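# sharing a model prediction with you, sequence too.
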Amino acid sequence: MKIRYDQDADILFFSLRDEPPVDAIEEAGGVILSYGEDGEPVSVEILNASVRHLIQPGEVSVTLQTSEISRSMYA
């Protein structure tokens, strides 16, 4: 996974796979999901990331959690 932040556009971008998108859907709230040829997600873009307090420009910090995510989060 690759994570980028474009300060000029204020977009937080998550590249999930190295595959070009063939389709994209903009969800309510400015989240864009892009899908590959197989129908699986390849990227997620969050518009207005700093306005949403998801990122502070100039103070980027990423924490990667490698433990198993609890299934109760999705119940």
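Cool, got the structure. Numbering: from 1, shown residues only.

# please count neighbours and contacts with C-alpha atoms only from this point.
Will do.

# any low-confidence regions in the protein?
Applying pLDDT under 70 to the chain flags the ranges 57, 60-75.

# do that again at 80, thanks
Applying pLDDT under 80 to the chain picks out residues 55-75.

# just checking, what packs against the longest strand that it contains?
Scanning the chain for the longest strand, with DSSP state E as the assignment, gives strand 41-47. Identification of packing neighbours for strand 41-47 by 3 or more C-alpha pairs under 8 Å, 6 or more residues apart in numbering; DSSP states H and E yields strand 11-15, strand 31-35.

# and stretch 17-35, what's buried?
Pro21, Val31, Ile32, Leu33, Ser34, Tyr35 (16 or more other C-alpha atoms under 10 Å).

# just give me how far stretch 39-54 sits from the chain centre.
Centroid separation between stretch 39-54 and its chain, computed with C-alpha atoms, centre = their mean, to the nearest Å, is 4 Å.

# next up, the contacts around Gly58.
Listed by C-alpha atoms under 8 Å, 6 or more residues apart in numbering, Gly58 has no contact partners.

# measure it to Met1 for me?
21 Å (C-alpha to C-alpha, to the nearest Å).

# coming back round to it: would you check which pair of the buried residues of stretch 17-35 lies furthest apart?
Pro21 and Val31 (15.2 Å; C-alpha to C-alpha).

# how close does Leu54 get to Ile11?
Distance from Leu54 to Ile11, counting by C-alpha to C-alpha: 10 Å.

# fine, thanks again, bye for now.
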